[in-house]
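In: coordinates only, no sequence provided:
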Ligand SMILES: NC(=O)c1ccc[n+]([C@@H]2O[C@H](COP(=O)([O-])OP(=O)(O)OC[C@H]3O[C@@H](n4cnc5c(N)ncnc54)[C@H](O)[C@@H]3O)[C@@H](O)[C@H]2O)c1
């Protein structure tokens, strides 16, 4: 049976991926320092949760001594764009420097397969929509830059010691598991869909729409929303890819279709049956009008397509989760 180390597996996207891997017969060890993770997000008893930091060389080396991992899936990171602008060193430290201890342990112990949670934020403000992997990568914040730096570290490790990696550049992760057992729980929450649903529940007074004068059909920003279970299946397919004699891969994970902020709010009103109060504000710095993925490379190389990312399913699962949150 294959054994995989998942860093950040107690977080939002990591926990959904862990469940999928277990359902496919893969043994999973999660390394998470629980700064943002939730032990309750690990629902399968077979999964070993190690409460530790991926930058702690002693912890990481011990894990590799005790287990024979065929691959590492690396989700662990800080993810707040605004905070990364105010405190860039915190982001370079956690997202770029600490993973070096993990990579050193992999090199020492002969583990050469790595799947990395990268992001569309590495593209900055793209020139061409939909965004292909050929788009220049010019991040506009330390979060995106820290992710791009790690992508480059992985390229060098491939050249130097044959580390094979798949960098998955996610667009907007959303939704929750169909059985409602796990879902999105960030504190503070900054993602649009949970904020809208918290407003529907009365936990917030209103949802703010930043910018209504963009060059988009209704003036609000357009984003590519991808269901977290679709992201999870891409990681499973990336594990298969890594077993084949193929070069490292960097690809987008999105649907190729965008929804505006106002469209998402309207769809949420329909699903929740609640009036959701909106406050229109000015544009935020660094918010491009549209971010939509060209997803064809992931289809071609991984055989992956988004199957659960229609807006109705995303909102239905997210709403079910919001109504019965376990953590
Ligand atoms: N959520 C999105 O829309 C989105 C989009 C693009 C990329 N990503 C990337 O996907 C990954 C997962 O995002 P998420 O939304 O699930 O975030 P999350 O905060 O829910 O999960 C991250 C997990 O990593 C853990 N962690 C952080 N630093 C650690 C460290 N040094 N050692 C051990 N554990 C540590 C946290 O405790 C948390 O459980 C991140 O790398 C993020 O940058 C997310």
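Out: Perfect, I can see it now. All figures in this text were calculated on a predicted structure; none of them were measured in a lab.
In: remind me, longest helix of the protein?
Out: helix 142-161 (DSSP state H).
In: what ranges does the stretch 51-200 of the chain have for its helices?
Out: Secondary structure of the stretch 51-200 of the chain (DSSP state H, counting those that start in this stretch): helices located at 57-66, 81-86, 88-91, 98-109, 142-161, 192-200.
In: now the longest helix of the chain: how far from the chain's centre is it?
Out: 17 Å (Cα atoms, centre = their mean, to the nearest Å).
In: compute the inter-axis angle for it and helix 98-109.
Out: Here the directions of helix 142-161 and helix 98-109 differ by 20 degrees (axes from the mean of the first three to the mean of the last three Cα atoms, to 10 degrees).
In: list the contacts of helix 142-161.
Out: By Cβ atoms under 8 Å, 6 or more residues apart in numbering, the residues outside helix 142-161 that reach it are 77-81, 84-85, 88, 91-92, 94-96, 99-100, 103, 107, 112, 114, 116, 118-119, 121-124, 137, 139, 163-165, 167, 247-248, 250. Glycine gets a C-beta too; all of them are placed from N, C-alpha and C.
In: check stretch 269-285 too.
Out: 196-197, 199-201, 205-214, 265, 268, 312, 315-316, 319.
In: for stretch 314-321, same thing?
Out: 174-178, 180, 182-184, 193-194, 197, 200, 225, 227, 264, 267-268, 271-272, 308.
In: can you flag the buried ones in these?
Out: 174-177, 180, 182-184, 193-194, 197, 200, 225, 227, 264, 267-268, 271-272, 308 (16 or more other Cβ atoms under 10 Å).
In: show me what from the chain comes close to the ligand.
Out: 7-8, 10-14, 31-37, 53-55, 75-77, 79, 94, 98, 117, 119, 170, 172-173, 186 (Cβ under 6 Å from any ligand atom).
In: poorly predicted segments of the stretch 151-300 of the chain, please.
Out: For the stretch 151-300 of the chain, no stretch has pLDDT under 70.
In: can you map out the strands along it?
Out: Along the stretch 151-300 of the chain, counting by DSSP state E, counting those that start in this stretch, strands occupy 164-170, 172-174, 207-210, 222-223, 225-227, 249-253, 259-260, 278-281, 290-291.
In: okay if I get the ones you listed as TSV plus distance to residue 152?
Out: Listed next are those as TSV, based on distance: least, Cβ to Cβ, whole Å:
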stretch	distance to residue 152
strand 164-170	10
strand 172-174	23
strand 207-210	31
strand 222-223	26
strand 225-227	24
strand 249-253	11
strand 259-260	32
strand 278-281	36
strand 290-291	22
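In: among the helices of the stretch 51-200 of the chain, which is the most enclosed?
Out: Highest mean neighbour count of the helices of the stretch 51-200 of the chain: helix 192-200, a mean of 21 (counted as mean count of other Cβ atoms under 10 Å).
In: that one - contacts with which helices or strands?
Out: strand 172-174, strand 207-210, helix 261-272, helix 311-323 (3 or more Cβ pairs under 8 Å, 6 or more residues apart in numbering; DSSP states H and E).
In: which of the contacts of stretch 269-285 are buried?
Out: 196-197, 199-200, 207, 209-212, 214, 265, 268, 315-316, 319.
In: could you check which residue of the stretch 1-150 of the chain lies nearest the ligand?
Out: residue 11 (2.0 Å; Cβ to the nearest ligand atom).
In: surely that residue touches residue 32?
Out: Yes. Here residue 11 lies in contact with residue 32, judged by Cβ atoms under 8 Å, at a distance of 6.9 Å.
In: mutual contacts of those two, please.
Out: Contacts common to residue 11 and residue 32, judged by Cβ under 8 Å, 6+ apart, are residue 76.
In: isn't residue 135 right next to residue 128, touching?
Out: Yes. With contact defined as Cβ under 8 Å, residue 135 reaches residue 128; the gap is 6.3 Å.
In: so for the two, which sits in the more crowded spot?
Out: residue 135 (18 against 11; other Cβ atoms under 10 Å).
In: how about the contacts made by that one?
Out: 123, 126, 127, 128.
In: ditto for residue 59
Out: 31, 50, 52, 53.
In: for those residues, which entry has the maximal number of neighbours?
Out: These, ranked by neighbours (other Cβ under 10 Å): first place residue 31, 25 neighbours.
In: surely that one is in a strand?
Out: Yes. Residue 31 forms part of a strand when assessed by DSSP: H, G, I helix; E, B strand; the rest coil.
In: beta partners for it?
Out: Judged by DSSP bridges, the bridge partners of residue 31 are residue 7, residue 50.
In: any buried residues in stretch 220-232, and which?
Out: Buried-residue list, stretch 220-232, by 16+ other Cβ under 10 Å: 220-232.
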